[in-house]
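Trainee: A structural model of the following input is requested.
(2 chains)
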Number of protein chains: 2
Amino acid sequence: MRYSGDVAPVSGSPAEARQRFRAGLAGPTAAWAPGYVQANLVVLPQDAACDFMLFARRNPKPCPLLDVTDPGVPASSLAPGADLRTDLPAYRVWEHGTCVAETADVTGYWRDDLVAFLIGCSFTFERALTAAGVPVRHVEQGRNVPMYITSDQCRPAGIFSGPLVVSMRPVPAGRVPAATAVTARYPAMHGGPVHAGSPAALGIADLSRPDFGDPVTFHAGDVPVFWACGVTPQVALASARPPFAITHAPGHMFITDVRDEAYAV
Amino acid sequence: MRYSGDVAPVSGSPAEARQRFRAGLAGPTAAWAPGYVQANLVVLPQDAACDFMLFARRNPKPCPLLDVTDPGVPASSLAPGADLRTDLPAYRVWEHGTCVAETADVTGYWRDDLVAFLIGCSFTFERALTAAGVPVRHVEQGRNVPMYITSDQCRPAGIFSGPLVVSMRPVPAGRVPAATAVTARYPAMHGGPVHAGSPAALGIADLSRPDFGDPVTFHAGDVPVFWACGVTPQVALASARPPFAITHAPGHMFITDVRDEAYAV
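Mentor: Predicted structure coming up:
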């Protein structure tokens, strides 16, 4: 596979983007097909999938399910004609909680008992924040969003349990209400913040040392605002250690045919 | 068991109502504990439960899930302390799609692999309709709401498939927008109408001959308005014929501790 982080994104249609990934191009999907919903991918054998569906139901803020496929069928109603085994730029293959392969095509790993979950991603509400005049510092600073493991626990379900993971964005104090209102319109993309202000309230000791992603620089008057994060299910997955799983590689999302606005409420 | 349709409802707390049902009282729950959410109950072994959870996810209008329990645990976060095996006034027990028993207590049928689903019920939005000045004809006329099997098909999932079932309420033409707005606030209780006007559009031949419930008399200027109905999962259940299932007996719901307004959006 080619990992081409410096390939220019395609601002064309989701189908064009997926076609290029299917043809072998690999790279992060940020800025590809702007205005269309991108999704996290989790694929599990049917037994573990049953537990995971319940885990997602019980923890809808970090795990907003956009689609669940039939066992063995690598297709989603969110992108008719797409093949979930080839149309993401990069995948990770997991055995018993350990990543055993990173690849651009999981056709060879596919099984009849695999169920795919597509999970909402904050790319959608970040576009909405920008459109509403709320600065998105980590984008301004060319960094990945900082993410933190909190002391809040998810509601467990079967083999899945674990802490809530949050993403943090510094927001000018006066724009916190706007940031809340804008993101609350997207419950399927993690929705409104879970907390604003003191990181200690979430058991976060040091904002400059995120558990995932990059630290981000605050401007004077910014307050930290925390949203439930799609890394939560990945942490639960690593802890549950199901015999087999496939996920997207971080930042290498599934691009759907659905417009961002279709998920606004 | 005692079936006491003429027992006066208790207008006290949900806990008081459940305590009376647990002590053996059986009767429909309409008008009991007003202002609190009542729920349909479907209980399935874990294999079938996995399919049913997906069926409900794919058909949220007729099957709005309020809670899904852990296997073998007859308790719900919607009513801490309640026992789902005893605290409904009446249950039906099913084997391979056939009702084999009707009882006030399913403790003797309980198994470690049973998963319980609590599903929203239109009692909640009927109270909201009345509060908004929209007449509810079947209540005025002392009848059960009329329900119809439509020509619309649900999205199948595993062993579950079948037609959408709708309830119908005659609404004065000028009040249809209000009825729509009020019920749309309760997506967890079937939400806004799926159709208003011609029954033929849903494949319904004759409103005077409902498939379930009672025919209702129209007033001059009333138009038929159709909502997705909680009988839909029961029809899917009868068709899927899982080896074992428990449901509430029609009209004999689970009374939760959650206020109606908690589900308004």
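
Trainee: could you measure from the nearest residue to A:Pro45 once chain neighbours are set aside over to A:Gln46?
Mentor: Distances taken as Cβ to Cβ, 6 or more residues apart in numbering or on different chains place A:Asp113 nearest to A:Pro45, at 5.0 Å, with adjacent residues excluded. From N, CA and C alone the C-beta is placed, and that goes for glycine too. A:Asp113 sits 5 Å away from A:Gln46, going by Cβ to Cβ, to the nearest Å.

Trainee: and what of A:Arg155?
Mentor: Taken as Cβ to Cβ, the span from A:Arg155 to A:Gln46 is 22 Å.

Trainee: find the closest residue to chain B in chain A.
Mentor: A:Cys50 (3.8 Å; Cβ to the nearest Cβ).

Trainee: ok, for that residue, nearest residue in space, not its chain neighbours?
Mentor: Using Cβ to Cβ, 6+ apart, the closest residue to A:Cys50 is B:Cys50 (3.8 Å).

Trainee: next secondary structure element downstream of the helix or strand where that neighbour lies?
Mentor: Under the criterion of DSSP states H and E, B:Cys50 resides in helix B:46-58. Later in the chain than helix B:46-58, the nearest helix or strand by DSSP H and E is strand B:65-68.

Trainee: how far does the next helix-or-strand element following that next one sit from the chain's center?
Mentor: Moving toward the C-terminus from strand B:65-68, the next helix or strand (DSSP H and E) is strand B:91-95. Here the centre of strand B:91-95 is set off from its chain's centre by 16 Å, with Cα atoms, centre = their mean, to the nearest Å.

Trainee: low-confidence stretches in chain A?
Mentor: Within chain A, the ranges that satisfy pLDDT under 70 run A:1-11.

Trainee: still on that earlier bit, so what sits against both of A:Asp113 and A:Gln46?
Mentor: Residues within reach of A:Asp113 and of A:Gln46 at once, by Cβ atoms under 8 Å, 6 or more residues apart in numbering or on different chains, are A:Pro71.

Trainee: between those two, who's got more neighbours?
Mentor: A direct count of neighbours by other Cβ atoms under 10 Å in any protein chain shown for A:Asp113 and A:Gln46 places A:Gln46 higher, at 17 against 13.

Trainee: pull the number of nearby residues for A:Pro71.
Mentor: Other residues close to A:Pro71 by other Cβ under 10 Å number 17.

Trainee: wait, doesn't it sit right on A:Ala116?
Mentor: No: using Cβ atoms under 8 Å as the test, A:Pro71 is too far from A:Ala116 to be in contact (9.5 Å).

Trainee: tell me where chain A has helices.
Mentor: Taking DSSP state H as the test, the helices found in chain A are A:14-22, A:46-58, A:123-131, A:137-140, A:176-184, A:231-240.

Trainee: tell me the helices and strands packed up against the helix holding B:Cys50.
Mentor: In this structure, helix B:46-58 makes packing contacts with helix A:46-58, strand A:65-68, strand B:65-68, strand B:114-120, helix B:231-240, judged by 3 or more Cβ pairs under 8 Å, 6 or more residues apart in numbering or on different chains; DSSP states H and E.

Trainee: domain-wise, how is chain A divided?
Mentor: A:14-121+A:240-263, A:123-233 (automatic domain parsing).

Trainee: endpoints of the last one, how far apart?
Mentor: End-to-end distance of domain A:123-233: 17 Å, with Cα to Cα, to the nearest Å as the criterion.

Trainee: quick revisit: which one of the helices and strands packed on helix B:46-58 lies closest to B:His195?
Mentor: helix B:231-240 (14.4 Å; Cβ to Cβ).

Trainee: residues from the stretch 101-250 of chain A in reach of chain B?
Mentor: A:Ala157, A:Gly158 (Cβ under 8 Å from any Cβ of the partner chain).

Trainee: tell me the most buried of the helices and strands packed on helix B:46-58?
Mentor: strand B:114-120 (a mean of 24; mean count of other Cβ atoms under 10 Å in any protein chain shown).

Trainee: give me the sheet partners of that strand and which way each runs.
Mentor: strand B:36-45 (antiparallel), strand B:65-68 (antiparallel) (DSSP bridges).

Trainee: most packed of those strands?
Mentor: By mean count of other Cβ under 10 Å, those have strand B:36-45 as the most buried, with a mean of 24.

Trainee: CA atoms only: put that one into CSV for me.
Mentor: In CSV, the C-alpha atoms belonging to strand B:36-45 read as follows (Å, rounded to 0.1, in the frame of the first residue of the first chain):
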residue,chain,number,x,y,z
TYR,B,36,-45.1,8.9,33.5
VAL,B,37,-43.8,7.0,30.5
GLN,B,38,-45.3,3.6,29.9
ALA,B,39,-43.5,1.0,27.7
ASN,B,40,-44.1,-2.0,25.6
LEU,B,41,-42.1,-5.1,26.6
VAL,B,42,-40.4,-7.6,24.3
VAL,B,43,-38.2,-10.3,25.8
LEU,B,44,-36.0,-12.6,23.7
PRO,B,45,-33.2,-15.1,24.0
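
Trainee: next, the angle from it to strand B:91-95.
Mentor: 20 degrees (axes from the mean of the first three to the mean of the last three Cα atoms, to 10 degrees).

Trainee: strand B:36-45 to helix B:14-22, inter-axis angle?
Mentor: Going by the same axes, to 10 degrees, strand B:36-45 makes 50 degrees with helix B:14-22.

Trainee: how far off centre is strand B:36-45?
Mentor: With Cα atoms, centre = their mean, you get 8 Å for strand B:36-45.

Trainee: next: stretch A:159-167.
Mentor: Distance, centroid of stretch A:159-167 to centroid of chain: 13 Å (Cα atoms, centre = their mean).

Trainee: can you point out the buried residues in that stretch?
Mentor: Within stretch A:159-167, the residues scored as buried using 16 or more other Cβ atoms under 10 Å in any protein chain shown are A:Ile159, A:Phe160, A:Ser161, A:Gly162, A:Pro163, A:Leu164, A:Val165, A:Val166, A:Ser167.

Trainee: how about stretch A:125-137?
Mentor: Quick answer for stretch A:125-137 (16+ other Cβ under 10 Å): A:Phe125, A:Glu126, A:Arg127, A:Ala128, A:Leu129, A:Val134, A:Pro135, A:Val136, A:Arg137.

Trainee: possible to save those as CSV with distance to B:Val216?
Mentor: Listed next are those as CSV, based on distance: Cβ to Cβ, whole Å:
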residue, distance to B:Val216
A:Phe125, 44
A:Glu126, 50
A:Arg127, 48
A:Ala128, 44
A:Leu129, 49
A:Val134, 51
A:Pro135, 56
A:Val136, 54
A:Arg137, 59
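
Trainee: ok, A:Leu237 to A:Arg175 distance?
Mentor: Taken as Cβ to Cβ, the span from A:Leu237 to A:Arg175 is 34 Å.

Trainee: re the thing from before, quick check, the residue nearest to A:Cys50 in contact with B:Phe160.
Mentor: No: B:Cys50 is beyond contact range of B:Phe160, at 10.5 Å (criterion: Cβ under 8 Å).

Trainee: contacts only, for A:Gly72.
Mentor: A:Trp110, A:Arg111, A:Asp112, A:Asp113, A:Leu114.

Trainee: give me phi/psi at it?
Mentor: The phi/psi pair for A:Gly72 (degrees, to the nearest 10) reads phi 80, psi -10.

Trainee: what distance do you get for it to A:Pro146?
Mentor: Taken as Cβ to Cβ, the span from A:Gly72 to A:Pro146 is 38 Å.

Trainee: how far does stretch A:147-157 sit from the chain's center?
Mentor: In terms of Cα atoms, centre = their mean, the centre of stretch A:147-157 is found 16 Å from the chain centre.

Trainee: cool, stretch A:188-198 as well?
Mentor: Using Cα atoms, centre = their mean, the offset of stretch A:188-198 from its chain centre is 15 Å.

Trainee: and if you look at stretch A:224-244?
Mentor: The answer for stretch A:224-244 is 10 Å, by Cα atoms, centre = their mean.

Trainee: for A:Ala200, give its distance to A:Thr150.
Mentor: For A:Ala200 relative to A:Thr150 (Cβ to Cβ), the value is 11 Å.
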